[in-house]
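1. What follows is a predicted protein model with its sequence.
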Amino acid sequence: MIRRCVVVGGAGAVGRLFAERLLADGARVAVIDTVEPGAEPAGTHYVRGDITDLGFRPAADLGHADLVVLAVPDAVALAAVPGLAGMLRPDALLVDTLSVKQPVTAAIRAHLPGVQAVGLNPMFAPSLGFEGRPVAAVVVNDGPRVGALLDLVAGWGARVVRLDEAEHDRLAGTSQALTHAAVLGFGAALVRLDTDLGKIREIAPPPHNALLALLARITSGAPAVYWDVQAANPEAAAVRKELADGVRRVADLVEHGSEHEFAALLGELDAQLGEHAPHYRELCARMFTSL
């Protein structure tokens, strides 16, 4: 059911991931991107252009596609959706890979109510591949090609987790926006402390090395990806506030409280982990062994 594909943004990391897997499954893949030719996966048909430009109409590719993937930043995808209304086949499948789902889901339902559509969010860096990793799936307009694609992604080794758009954004706010903000805040503190990382590297315990490794991974990535996680998610502001309040709570407790109160906080946090605590303790032990 999915043989002719267009990946918008296929020269980027997420777009390449999908384009390469579709090619490996025998599909014909066209890539639409704004960059110079050469960054797209080998074996694809490349079309250079801006999908949001009203004068750019790759109708031959889009009009014959079984599957169109929008692997682009949030603002680009939202700007592109209205223009796709008269270009896609009635039985085509539209996929977005955005990290925030509520705005794009509303836009697709408003402008493309009859087009099958699903939002996918690979919850990992594209370089890691699909095998054994979670992919959040938000079904916008259901249909046979939606099921076929989700089966395909599962066949690539991913764990497909179905959510609605609001639940997706709540969970992404906690698992992505909160986590990235904590790591970036840690990095900003290092800058303010004017830390000698050469000396730190000589003595740092595993938790500090783990945070430095996370910081290095984020700073070597595409800023637009991490900006969208923080700026586009409607839940992000609330989780950042909770993070700031949590740091203030620890500071107030240490500066004005007691060791007994500190122990009570650790007990509260352990209770929050609940039945999952043994899993994460074991995971931490394996991580620290490699560190």
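-> Everything's here; your move.

2. The stretch 1-150 of the chain: strands as residue ranges?
-> For the stretch 1-150 of the chain, the strands defined by DSSP state E, counting those that start in this stretch occupy 4-8, 28-33, 45-48, 67-70, 93-96, 116-122, 134-141.

3. Now the longest one - C-alpha only, PDB.
-> Read it as strand 134-141. Coordinates of each C-alpha in strand 134-141 appear next as PDB, following Å, rounded to 0.1, in the frame of the first residue of the first chain:
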ATOM      1  CA  PRO A 134       9.700   4.000  21.000                       C
ATOM      2  CA  VAL A 135       7.800   5.900  18.300                       C
ATOM      3  CA  ALA A 136       4.800   7.900  19.600                       C
ATOM      4  CA  ALA A 137       1.900   7.700  17.100                       C
ATOM      5  CA  VAL A 138      -1.000  10.100  17.000                       C
ATOM      6  CA  VAL A 139      -3.700   9.000  14.500                       C
ATOM      7  CA  VAL A 140      -5.300  12.100  13.100                       C
ATOM      8  CA  ASN A 141      -7.500  10.700  10.300                       C
END
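
4. Strand partners (parallel or antiparallel) of it?
-> The strands that strand 134-141 pairs with in its sheet are strand 116-122 (antiparallel), strand 159-162 (parallel) (by DSSP bridges).

5. quick one, which of these is packed in tightest?
-> Highest mean neighbour count among those (mean count of other C-beta atoms under 10 Å): strand 116-122, with a mean of 24. C-beta coordinates here come from the backbone N, C-alpha and C atoms, glycine included.

6. thought Q230 was touching T179?
-> No: between Q230 and T179 there is no contact under C-beta atoms under 8 Å: 11.1 Å.

7. which residues sit in contact with Y226?
-> Shown in contact with Y226 (C-beta atoms under 8 Å, 6 or more residues apart in numbering): H180, L184, I218.

8. can you pull the pLDDT of it?
-> pLDDT for Y226: 93.

9. wait, is R249 part of a helix?
-> Yes: per DSSP: H, G, I helix; E, B strand; the rest coil, R249 lies within a helix segment.

10. Which pLDDT does the model give it?
-> Note for R249: predicted pLDDT of 97.

11. Next, count neighbours for A213.
-> Other residues lying near A213 total 13 when counted by other C-beta atoms under 10 Å.

12. Can you give me the separation between it and S220?
-> With distances taken as C-beta to C-beta, to the nearest Å, A213 is found 11 Å from S220.

13. who touches the residue nearest the centre of the chain in this structure?
-> Against the mean C-alpha coordinate of the chain, by C-alpha atoms, centre = their mean, the closest residue is S99 at 4.5 Å. Contacts for S99 (C-beta under 8 Å, 6+ apart) come out as D74, N121, A172, Q176, V225, D228, V229, A232, N233.

14. and if we set it to 10 Å?
-> When contacts are counted by C-beta atoms under 10 Å, 6 or more residues apart in numbering, S99 is found next to 14, 73-74, 119, 121-123, 136, 168-169, 172, 176-177, 225-226, 228-230, 232-233.

15. Would you list the phi and psi of the closest residue to F124 other than its chain neighbours?
-> The shortest distance from F124 to any non-neighbouring residue, by C-beta to C-beta, 6 or more residues apart in numbering, is to R133 (4.5 Å). Dihedral pair for R133: phi -110, psi 150, per degrees, to the nearest 10.

16. How many residues are close by R133?
-> By other C-beta under 10 Å, 15 other residues sit near R133.

17. Which residues are in contact with it?
-> Counting by C-beta under 10 Å, 6+ apart, R133 touches P122, M123, F124, A125, W156, G157, A158, R159.

18. Low-confidence ranges, the stretch 101-250 of the chain, go.
-> For the stretch 101-250 of the chain, no stretch has pLDDT under 70.

19. all helices in it, in order from the N-terminus.
-> For the stretch 101-250 of the chain, applying DSSP state H, counting those that start in this stretch gives helices covering 102-111, 144-155, 165-172, 179-193, 197-203, 206-219, 223-231, 236-256.

20. what residues does the third one touch?
-> So that's helix 165-172. Contacts of helix 165-172 (C-beta under 10 Å, 6+ apart): 98-106, 109, 119, 121, 123, 136-140, 161-164, 177-178, 229, 232-236, 238-239.
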